[in-house]
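In: sequence first, predicted coordinates after that:
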Amino acid sequence: MAYDFTSILDRSGTGSLKWDRYAGRDVLPLWVADMDFRSAPEIIDALNARTAHGVLGYTLPNTEVVDAVLGYLSRVHGYEAKAEWLHWLPGVVPALNVVARAYGERGDSVLTCTPVYPPFLSCGPWQEKSLISSHLKQQDGEWTFDFDDLEAKVTPNTRIFILCNPHNPVGRVYREDELLAIADFCKRHDLILISDEIHCDLLFDDNKHRMTATLSEEINQRTVTLNAPSKTYNIPGLACSFAVIPNAELRLRFKQAARGFITEVNPYGYVGCAAAYNHGEPWRQELMTYLTGNRDYLYDFVSQHLPGIEFQQTMEATYLAWMNVEDLKAKGVENPHAFFIEHGVGLSPGSDFGDDRFLRLNFGCPRSVLEQALERMAKAVAGL
């Protein structure tokens, strides 16, 4: 490999959210979704060049970053966007709160499918909208939408459906037929479709991602797409994301809702975004090769050495493993999340995502760290 994914980087003293949660404790953090790899050198070089300029004032998105995003959408996803469709934000989480504020009235509802990234569950209530959640169902070994449940729960006051594709934390990349069914559901109930696609470039095997907005022009005009290079290129701290909103009315309402509420993107965010989409593809390809090895190692280890934990190797995207720990609870482990922290591994509790039968494990780390964490988990389980 031309790039280094095996070195262990000391992140102490950097204000790392991931590592500082357990500062001073012998706990390996495999929870929040950032990776323990150095970002692509092409991105680091671009950031260093921007620093060398010496002036870090208020910054607008220049032609370089706009063209980088438009080129990426066209080249990778076959989506021909226009510059005026883009709205820049310091993250997808702020964007979720903007859409919850922008569309509908106080007291209306937001609909999404659980288990899901926790900000999906909070953005509606934070903006004085109620939350309606429909639990995904497991069918033929994969997670998918439960349309009977969705139909039973949608109300005349539901205004927004928030889709996560690829789906964090279950690792699904939804097929075209599934997306068409969701699009039809949104049309029939006159819902604005918010599609968070931030993990769309972290695909395993031969899986293909379909942008929801490419299904048809009618769906395109109903959809707000949220994306960022942050997860793929490990630059969440640069705080740069974008919404793609082709519908002029939806775009205006989004911009009005963001005023005085959302800060501008900083200069490093724009520079990192442009460098990622213009020059980061070789790094991304090697990253996916390494993550595939981690996923496969994790599956083999869990199946052989962690009785009471179930992990499906068929996960199609993300570096976030969704592991069923119901059998551990049956063996008397009342709180598996706390149990593994006590044994030196910090995971994400499934309750944060709307399903306490599971834990989420971030395997975006050097394999030696993953091996050490899994050995600790195996020792803990063996002691039951």
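Out: Received it, and whenever you're ready, just let me know what you need.
In: can you give me the strands for the stretch 201-350 of the chain?
Out: Secondary structure of the stretch 201-350 of the chain (DSSP state E, counting those that start in this stretch): strands at 223-227, 241-244, 320-324, 345-346, 348-349.
In: the closest residue to residue 50 other than its chain neighbours and residue 65: what is the separation?
Out: Spatial nearest neighbour of residue 50, excluding adjacent residues (CB to CB, 6 or more residues apart in numbering): residue 271 at 4.7 Å. Where C-beta positions appear, they are placed from N, C-alpha and C, glycine not excepted. Separation of residue 271 from residue 65 (CB to CB, to the nearest Å) stands at 8 Å.
In: could you check which of the two has the larger neighbour count?
Out: Comparing residue 271 with residue 65 by other CB atoms under 10 Å, the one with more neighbours is residue 65, at 26 against 23.
In: thinking that one is in contact with residue 270, fair?
Out: Yes - using CB atoms under 8 Å, residue 65 is in contact with residue 270, at 4.5 Å.
In: just name the most buried of the strands of the stretch 201-350 of the chain.
Out: strand 223-227 (a mean of 26; mean count of other CB atoms under 10 Å).
In: pairing partners for it, with directions?
Out: Paired neighbours of strand 223-227 in the sheet (DSSP bridges): strand 192-196 (parallel), strand 241-244 (antiparallel).
In: give me the contact list for the longest one.
Out: Spelled out, it's strand 192-196. The contact list for strand 192-196, computed with CB atoms under 8 Å, 6 or more residues apart in numbering, reads 92, 96, 99, 103, 117, 120, 159-165, 182-183, 186, 211-213, 219, 222-227, 250.
In: chain center to it: distance?
Out: Here strand 192-196 is found 14 Å from its chain centre; the criterion is CA atoms, centre = their mean, to the nearest Å.
In: what of the shortest one?
Out: From the chain centre to the centre of strand 241-244 is a distance of 14 Å (CA atoms, centre = their mean).
In: let's have the chain start at 29 instead
Out: I'll keep to 29 as the first residue from here, and by that count the last item is strand 269-272.
In: export that strand as PDB, just CAs?
Out: The C-alpha trace of strand 269-272 is given here as PDB (Å, rounded to 0.1, in the frame of the first residue of the first chain):
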ATOM      1  CA  SER A 269     -20.800  19.600   4.600                       C
ATOM      2  CA  PHE A 270     -23.300  20.500   1.900                       C
ATOM      3  CA  ALA A 271     -27.000  20.200   1.100                       C
ATOM      4  CA  VAL A 272     -28.100  19.800  -2.500                       C
END
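In: got a markdown table for the strands paired with strand 251-255, with mean pLDDT too?
Out: Shown next, in a markdown table, are the strands paired with strand 251-255 (pLDDT from 0 to 100):
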| stretch | mean pLDDT |
| --- | --- |
| strand 220-224 | 99 |
| strand 269-272 | 99 |
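In: wait, which of the ones you listed is closest to residue 370?
Out: strand 220-224 (33.4 Å; CB to CB).
In: re earlier: so for residue 308, which of the strands of the stretch 229-378 of the chain sits nearest?
Out: That would be, of those and by CB to CB, strand 251-255, which comes in at 14.3 Å.
In: neighbouring contacts of that closest one?
Out: 120, 123-124, 127, 220-226, 228, 239-241, 269-274, 278, 282.
In: only C-alpha atoms, please: export it in CSV.
Out: Output of strand 251-255 as CSV, limited to C-alpha atoms (Å, rounded to 0.1, in the frame of the first residue of the first chain):
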residue,chain,number,x,y,z
THR,A,251,-35.4,15.6,-2.1
VAL,A,252,-32.8,17.4,0.0
THR,A,253,-29.5,15.5,-0.2
LEU,A,254,-27.0,15.9,2.7
ASN,A,255,-23.4,14.9,2.2
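In: and it, how far from the chain's centre?
Out: That offset, for strand 251-255, works out to 13 Å (CA atoms, centre = their mean).
In: buried residues in stretch 100-114?
Out: The neighbour-count check on stretch 100-114 (16 or more other CB atoms under 10 Å) flags 100-101, 105, 107, 109, 113-114 as buried.
In: got JSON lines for the residues you listed, with pLDDT and secondary structure too?
Out: Compiled in JSON lines, those are given as follows (pLDDT from 0 to 100; DSSP: H, G, I helix; E, B strand; the rest coil):
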{"residue": "100", "pLDDT": "99", "secondary structure": "helix"}
{"residue": "101", "pLDDT": "99", "secondary structure": "helix"}
{"residue": "105", "pLDDT": "98", "secondary structure": "helix"}
{"residue": "107", "pLDDT": "99", "secondary structure": "coil"}
{"residue": "109", "pLDDT": "99", "secondary structure": "coil"}
{"residue": "113", "pLDDT": "99", "secondary structure": "helix"}
{"residue": "114", "pLDDT": "99", "secondary structure": "strand"}
